[in-house]
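Student: need a structure here:
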Amino acid sequence: METESYIFIIASIGFAFIGAYLAYRINLRRMREKERNTAEKIIEDAKRESERIILEGKLHIKELSLQNKVNLEKDLEQKKTDIFEMERRLRQKEDDFDKKTGLLEKKENEVLKKAQQVENDALRLKEQVNMQENMLSELRHKLENVSGMTADEAKHSLISMVEGEAKLEQAKVLKIKKIIFASSAAVYAESKKLPVDEENIKEPISLYGASKLLSEYLLQNYHKIRGLPYTSLRFANVYGPKQDTSAEGGVVAIFIDKILRNNQVTIFGDGMQTRDFIYVSDIVEACLLSLSNKVTGEFNIGTTQETSILSLYKKLLDLSGAKDNKKFTKRRFLEVARNSLSSEKFKNTTVWKPQVNLTHGLKLTFDYFQKNLNSLAEQRQL
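Tutor: Numbers count the residues shown, from 1 in each chain. Coordinates of the predicted model:
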């Protein structure tokens, strides 16, 4: 019995061991299957994820390809636009070049035309210079015979005339905008038709008149050749306060000074020679109006009124209340017998007209010299 019990126990232990082993094996197999399933699932998941990533990658690559294609197409369109713009600019430059070439040709023609004009002006100027030289030569001989000038004196005076050309050259350097030249009625020849207008013959009988006329010619030539604006104002006999009372001064100032100092007044010739006397303020107004560009050329500035030298003396004598104290002597040089200027041309251009008549102007002038007699004497001594 004990042996059977022992065998039973051993058998039970063996069966238990076998059962445990079997259970272990079963659990191990289950675990392996589970792990295998898990691994397979992991592998399957990994496979699916890999496929997803690959698919997404392909889609992304496709999208990138499409975007690159779009970008490339945009770049291509932009480059085409740039090429068209370059072609347009090139055509514009070609058109501009053609225009500039046309302008250059036009300017070249203008320059050639201008050069021809300058050449023609130079020829005309040469002719005028020759005429002036002939005229001056004749004047020199006249003055030697009429006024008693020596050849050297006449030559010196003629040289002084042409100094005006140097002044005109200086005006060009200084960029002077306009020249207002104080010319004289002395440029005209003796005329039976009074008042004298600008169309009257220019044939001066004095060196003073010749110098004025030559200066006018110079201004005309500079205006034609160099475009320098100018106005030549041919003044009648100007008078007024502060006028020089020396031998080179005006007859009005000289007569007043002699009368105020109780000195004898000298009248050259018979005193019947006439002059056109104009007050200084009217001359100033004419000069100011001449600054306008529309006033170009030669203009007379006078009153159209004739007054004899003897009549002038009597008017001044009446103003002073002094006694007659005059003497007549022969003329010192050749002079015109009668003179007065027409200012119609200047009036029509500027609406100018003289404002001071002779009676009023002489009184203004006489009052000035009478008031300043002593101070003027002191200045003369200095």
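Student: Helices of the stretch 101-250 of the chain, start to end?
Tutor: 151-161, 163-173, 207-226 (DSSP state H, counting those that start in this stretch).
Student: Out of those helices, indicate the one that is most buried.
Tutor: helix 207-226 (a mean of 20; mean count of other Cβ atoms under 10 Å). All C-beta spots, glycine's among them, are computed from the backbone N, C-alpha and C.
Student: pretty sure Leu168 is in contact with Gln220, am I right?
Tutor: No - here Leu168 lies out of contact with Gln220, judged by Cβ atoms under 8 Å, at a distance of 11.2 Å.
Student: ok so, going back, distance to Gly361 for the helices of the stretch 101-250 of the chain - can I get that in TSV?
Tutor: TSV is the format used below for the helices of the stretch 101-250 of the chain (distance: least, Cβ to Cβ, whole Å):
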stretch	distance to Gly361
helix 151-161	31
helix 163-173	30
helix 207-226	23
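Student: Of all those helices, which one comes closest to Ser281?
Tutor: Closest approach to Ser281 among the helices of the stretch 101-250 of the chain (Cβ to Cβ): helix 207-226, 22.3 Å.
Student: name the helices or strands packed onto the closest one?
Tutor: helix 2-146, helix 151-161, helix 163-173, strand 179-184, strand 230-235 (3 or more Cβ pairs under 8 Å, 6 or more residues apart in numbering; DSSP states H and E).
Student: I'd like to know which of the ones you listed has the weakest mean confidence.
Tutor: Per-stretch mean pLDDT for those is lowest at helix 151-161 (a mean of 53).
Student: Ramachandran angles for Leu174?
Tutor: phi -80, psi 0 (degrees, to the nearest 10).
Student: doesn't Ala186 make contact with Ser206?
Tutor: Yes - using Cβ under 8 Å, Ser206 is in contact with Ala186, at 5.7 Å.
Student: how about low-confidence regions in the stretch 201-350 of the chain?
Tutor: 247-249 (pLDDT under 70).
Student: cutoff 80 now
Tutor: 246-249, 332-334 (pLDDT under 80).
Student: quick one: Val265 from Tyr239, how far?
Tutor: Counting by Cβ to Cβ, to the nearest Å, the gap between Val265 and Tyr239 amounts to 15 Å.
Student: neighbour-wise, which of the two wins?
Tutor: Taking other Cβ atoms under 10 Å, Val265 and Tyr239 do not tie; Tyr239 has more neighbours (25 against 19).
Student: Can you give me every residue that contacts the more buried one?
Tutor: Tyr239 is in contact with Gly250, Val251, Val252, Ala253, Phe277, Ile278, Tyr279, Val280, Gly361, Leu362, Thr365, counting by Cβ atoms under 8 Å, 6 or more residues apart in numbering.
Student: Could you measure from Ala253 over to Ser232?
Tutor: Taking Cβ to Cβ, one finds Ala253 at 25 Å from Ser232.
Student: Excluding sequence neighbours, find me the nearest residue to Ala286.
Tutor: Ile301 (4.8 Å; Cβ to Cβ, 6 or more residues apart in numbering).
Student: Which strand residues bridge that neighbour?
Tutor: Following DSSP bridges, Ile301 is listed with bridge partners Phe235.
Student: Next, count neighbours for it.
Tutor: Neighbours of Ile301 (other Cβ under 10 Å): 25.
Student: Next, work out how far apart Leu22 and Arg29 are.
Tutor: In terms of Cβ to Cβ, Leu22 sits 10 Å off from Arg29.
Student: burial of Ala253, as a residue count?
Tutor: 21.
Student: can you check Lys175 too?
Tutor: The tally of other residues near Lys175 (other Cβ under 10 Å) stands at 6.
Student: next one: Gln370
Tutor: 13.
Student: Report the separation between it and Leu316.
Tutor: Gln370 is 11 Å from Leu316, by Cβ to Cβ.
Student: what's the answer for Gly227, then?
Tutor: Distance of Gly227 to Leu316, computed by Cβ to Cβ: 46 Å.
Student: between those two, which one's more packed in?
Tutor: Leu316 (22 against 7).
Student: secondary structure element for the more buried one?
Tutor: Under the criterion of DSSP states H and E, Leu316 resides in helix 309-320.
Student: Show me what that helix is in contact with.
Tutor: Residues beyond helix 309-320 that count as contacts (Cβ under 8 Å, 6+ apart) turn out to be 251-252, 255-256, 259-260, 265, 267-275, 277, 324, 326, 358-359, 362-363, 366.
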